[in-house]
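Engineer: Build me a structure from this.
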Amino acid sequence: MFAIGDFIVEREGHRAPAAFGVVKSFETANNGEVLLDCQFATGRWYAFASQCLHYKEWLRENNF
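Structural biologist: Down below sits the predicted model:
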């Protein structure tokens, strides 16, 4: 789903409504959820993959 270097948008979570970042790495948690290690403008944070979109998909979803 996501790869290192992907430009993503976190549309849920505590950085909502939308935070833009780059995937630096990822791992699978014990519960099966994929965690993304992302560089956002405000710092390097973890984000849940289920709360993120590829930037291209976000643009399409928001009619750009």
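
Engineer: for the longest strand seen in the chain, packing partners?
Structural biologist: For the chain, the strand with the greatest residue count under DSSP state E is strand 19-28. Identification of packing neighbours for strand 19-28 by 3 or more CB pairs under 8 Å, 6 or more residues apart in numbering; DSSP states H and E yields strand 7-10, strand 34-40, strand 43-48. To be clear about C-beta, it is placed using only N, CA and C from the backbone, and glycine gets the same treatment.

Engineer: one more time with 7 Å
Structural biologist: strand 7-10, strand 34-40 (3 or more CB pairs under 7 Å, 6 or more residues apart in numbering; DSSP states H and E).

Engineer: and the ones you listed as JSON lines, adding mean neighbour count?
Structural biologist: Output for the helices and strands packed on strand 19-28, formatted as JSON lines (neighbours: other CB atoms under 10 Å):
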{"stretch": "strand 7-10", "mean neighbour count": "20"}
{"stretch": "strand 34-40", "mean neighbour count": "17"}
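
Engineer: Dump those to CSV, plus mean pLDDT and distance to E57.
Structural biologist: Shown next, in CSV, are the helices and strands packed on strand 19-28 (pLDDT from 0 to 100; distance: least, CB to CB, whole Å):
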stretch, mean pLDDT, distance to E57
strand 7-10, 95, 8
strand 34-40, 96, 15
